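Asker: Build me a model:
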Amino acid sequence: MNFDLIVIGSGPGGYVAAIRASQLGMKVGVVERESLGGICLNWGCIPTKALLKSAQVFNYIKHAEDYGIKIENASADFDSMIKRSRNVADGMSKGINFLFRKNKIETLTGNGELTADKKVKVTASDGSVKEYTASHIIIATGGRAKQLPNLPIDGKKIIEYRKAMTLEQQPKRMVVVGAGAIGTEFAYFYNSIGTEVTVVEFMEQGLVPREDIDISKELTKIYKKEGINILANTSVESVDTSGEGCKVKIKDRKTGQESIIECDVVLSAAGVTPNIENIGLEALGIQTERGLIAVDEYYRTNVSGIYAIGDVVSGPALAHVASAEGITCVEKIAGHHPEPLDYNNIPSCTYCVPEVASVGLTEQAAKEAGYEIKVGKFPFSASGKASAAGVKQGFVKVIFDAKYGEWLGAHMLGANVTEMIAEVVVARKLETTGHEIIKSIHPHPTMSEAIMEASAAAYDEVIHL
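Answerer: Numbers count the residues shown, from 1 in each chain. The predicted model follows:
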């Protein structure tokens, strides 16, 4: 069967690329071995947000008296939370199936592999094999949890994010290895429902260590108050799973001192590894660099007609990045002239409570790049909307180039900031300056006023501080 385009993988990169290609008149097939939507819809972005919402609602209930409401004997039903999360994921996957039917995209179920003659071999679960041809092939096979040498994932006592969303029972004690977005989100969820959580982070900064240091320090401070044990600048040396639980040997990287933490389960959340094995790269001589598929600005590999997007190429391993790459790739294939992605204007979000969102340079990175900068901060404790909503934790921090007013970066910690960050992304795309933001009227009372106020603070014009 011949296609104009075959996409291997149906995650947020693959399915978006397929739909856009269909809109542009191509006959499209998508290879998927599991459920449509890939890791993001089935095991990542969507179901984790469902779990986090359950934890947030439970926290609201625990603090209901702060809002003048009395609720007695509330408890977290772990099984029901897990079930709701899976139902949300299933619904989203079915939604992709609907979109494929609407756009006349054919699903090719099985494992996809490139052959030496540039065909796609699809092996079904029963072992049957079919081969397909296409003028263009996009590799969008995504990634999986990174395996650490001292942390062999067994799916029982040492688990990754997929298992963390489907545990049969709530652990009493959990060690989370890695304090990035995945680790921080799961730490928040399990701590909220009563699990004793310890986070072990190799880097010195603490939670979300790749964010601006002010964000990292403040979130770490908040979560320590919430009872989460956070061990930064600490390595995991080994895990003993021979007994009933786990004994995690850790080492303080500053002092060299070793100690043991006992827990029921260890969650490995130390990053993502691309799925590039067994997909036929060698058969076609497709080049890789540092374990990723090498591509140009339009995601073309060194082999004509073969492309790669998402977690298998260099760049942030984020769903919205993969989607944007997929659209750019197929528009170029279709003969359009899309603008290459600006990887300096990619928003990053962590959906714990309070949320974290950022885009652009951190303060430290801006200084290291040689900019003379103006920095403004506005705390949500001074926000009328935040006070009324009872969500006064956090702040907005903005960074401008002092010479030209260019918006270099923004970093937010607080309620709904993952929604607010889009304002900054659009403003930076339009080359908006700090003074233009100050003079853009923001509605009152809103959380988004903090962006305007922080911008004003950078220029010593802030009103409400």
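Asker: got the domain boundaries for this protein?
Answerer: Using automatic domain parsing, the domain ranges for the chain come out as 2-145+273-343, 158-270, 354-458.
Asker: Report the strands that pair with the helix or strand containing Leu267, each with its relative direction.
Answerer: Using DSSP states H and E, Leu267 sits within strand 265-268. Paired strands of strand 265-268, with direction, are strand 158-159 (parallel), strand 173-177 (parallel) (DSSP bridges).
Asker: wait, which of those strands is closest to Thr418?
Answerer: Thr418 sits nearest to strand 173-177 of all those, at 20.7 Å, using Cβ to Cβ. Glycine gets a C-beta too; all of them are placed from N, C-alpha and C.
Asker: who touches the closest one?
Answerer: 148, 151, 183, 186-187, 190, 195-200, 236, 245-246, 248, 261-270 (Cβ atoms under 8 Å, 6 or more residues apart in numbering).
Asker: Output that strand as CSV - backbone C-alpha positions only.
Answerer: Provided in CSV are the C-alpha atoms of strand 173-177 (Å, rounded to 0.1, in the frame of the first residue of the first chain):
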residue,chain,number,x,y,z
ARG,A,173,7.0,5.8,51.8
MET,A,174,8.5,6.8,48.5
VAL,A,175,11.9,8.0,47.3
VAL,A,176,11.8,10.0,44.1
VAL,A,177,15.1,10.2,42.2
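Asker: which SS state does Gly29 fall under?
Answerer: Put simply, Gly29 is strand when judged by DSSP: H, G, I helix; E, B strand; the rest coil.
Asker: That one: what's it in contact with?
Answerer: Here Gly29 is in contact with 1, 3, 5-7, 105-108, 132, 134 (Cβ under 8 Å, 6+ apart).
Asker: Which ones among those residues lie within strands?
Answerer: 3, 5-7, 106-108, 132, 134 (DSSP state E).
Asker: Quick check on the contacts of strand 173-177: which are buried?
Answerer: 148, 151, 183, 186-187, 190, 195-200, 236, 245-246, 248, 261, 263-270 (16 or more other Cβ atoms under 10 Å).
Asker: Can you pull the phi/psi pair for the spatially most central residue of the chain?
Answerer: Of all residues in the chain, the one closest to the mean position by Cα atoms, centre = their mean is Leu318, 5.1 Å from it. Leu318 adopts backbone torsions of phi -130, psi 150, taken as degrees, to the nearest 10.
Asker: What's the separation between it and Thr133?
Answerer: According to Cβ to Cβ, to the nearest Å, Leu318 stands 32 Å off from Thr133.
Asker: Next, format the domains of the chain as TSV and append mean pLDDT.
Answerer: Output for those, formatted as TSV (pLDDT from 0 to 100):
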stretch	mean pLDDT
domain 2-145+273-343	95
domain 158-270	95
domain 354-458	97
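Asker: Any chance of a markdown table for those, columns distance to Leu465?
Answerer: A markdown table is the format used below for the domains of the chain (distance: least, Cβ to Cβ, whole Å):
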| stretch | distance to Leu465 |
| --- | --- |
| domain 2-145+273-343 | 25 |
| domain 158-270 | 16 |
| domain 354-458 | 6 |
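Asker: Surely the residue nearest to the centre of the chain and Ser348 touch.
Answerer: Yes: contact criterion Cβ atoms under 8 Å: Leu318 and Ser348 qualify, at 7.1 Å.
Asker: Just give me how far stretch 65-73 sits from the chain centre.
Answerer: 34 Å (Cα atoms, centre = their mean, to the nearest Å).
Asker: Give me the residues contacting that stretch.
Answerer: Contacts of stretch 65-73 (Cβ under 8 Å, 6+ apart): 60-61, 64, 390.
Asker: what does the top helix by length along the chain contact?
Answerer: In the chain, taking DSSP state H as the definition, the longest helix is helix 78-102. For helix 78-102, the external contacting residues (Cβ under 8 Å, 6+ apart) are 10, 15, 18-19, 30, 35-37, 41-43, 46-48, 50-51, 54-55, 105-107, 165-167, 169-170, 193.
Asker: swap the cut-off to 6 Å and go again
Answerer: 15, 35-37, 41-42, 46-47, 50-51, 54, 170 (Cβ atoms under 6 Å, 6 or more residues apart in numbering).
Asker: which of the contacts of Gly29 has the most neighbours?
Answerer: Val7 (36 neighbours; other Cβ atoms under 10 Å).
Asker: Would you indicate which residues of the following helix or strand past the strand holding Leu267 are buried?
Answerer: Counting by DSSP H and E, the next helix or strand C-terminal to strand 265-268 is strand 272-274. Residues of strand 272-274 classed as buried by neighbour count (16+ other Cβ under 10 Å): 272, 274.
Asker: for stretch 379-392, same thing?
Answerer: Buried residues in stretch 379-392, counting neighbours by 16+ other Cβ under 10 Å, are found at 379-380, 382-383, 385-386, 391-392.
Asker: of the residues you listed, closest to Met452?
Answerer: Closest to Met452, out of all of those and judged by Cβ to Cβ, is Ser383, at 11.1 Å.
Asker: hmm, back to that, need the contacts of Gly29 in TSV (columns: distance to His442).
Answerer: Supplementary listing: those in TSV, determined by distance: Cβ to Cβ, whole Å:
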residue	distance to His442
Met1	54
Phe3	48
Leu5	43
Ile6	46
Val7	41
Ile105	41
Glu106	47
Thr107	45
Leu108	48
Tyr132	52
Ala134	48
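Asker: which residue packs closest to Gly206, ignoring adjacent ones?
Answerer: Thr220 (3.7 Å; Cβ to Cβ, 6 or more residues apart in numbering).
Asker: ugh, wrong one, I meant Tyr60
Answerer: Tyr67 (8.0 Å).
Asker: which two from the ones in strands among the contacts of Gly29 end up farthest apart in space?
Answerer: Applying Cβ to Cβ across those, the maximum distance is between Thr107 and Ala134, 14.5 Å.
Asker: can you count the residues close to the nearest residue to Arg290 once chain neighbours are set aside?
Answerer: Excluding the flanking residues, the one nearest Arg290 by Cβ to Cβ, 6+ apart is Ser314, at 7.7 Å. Close neighbours of Ser314, defined as other Cβ under 10 Å, add up to 13.
Asker: roughly how far apart are Ser314 and Ser54?
Answerer: 35 Å.
Asker: try Arg300
Answerer: Applying Cβ to Cβ to Arg300 and Ser54 gives a distance of 43 Å.
Asker: which one of those two has more residues nearby?
Answerer: Neighbour count, other Cβ under 10 Å: between Arg300 and Ser54, Ser54 has more, with 21 against 18.
Asker: show me the contacts for Val398.
Answerer: 376, 410, 454-455, 458.
Asker: which stretch of helix or strand covers Ser238?
Answerer: Here Ser238 is assigned to strand 234-240, by DSSP H and E.
Asker: before we move on, what about Gly112?
Answerer: Per DSSP H and E: Gly112 is located in strand 111-114.
Asker: Can you tell me the strand partners of that strand and which way each runs?
Answerer: strand 120-123 (antiparallel).
Asker: With just CA atoms, put the strand it pairs with into CSV.
Answerer: The C-alpha trace of strand 120-123 is given here as CSV (Å, rounded to 0.1, in the frame of the first residue of the first chain):
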residue,chain,number,x,y,z
VAL,A,120,8.2,0.6,6.4
LYS,A,121,7.8,-2.9,7.8
VAL,A,122,5.0,-3.2,10.4
THR,A,123,5.1,-6.2,12.7
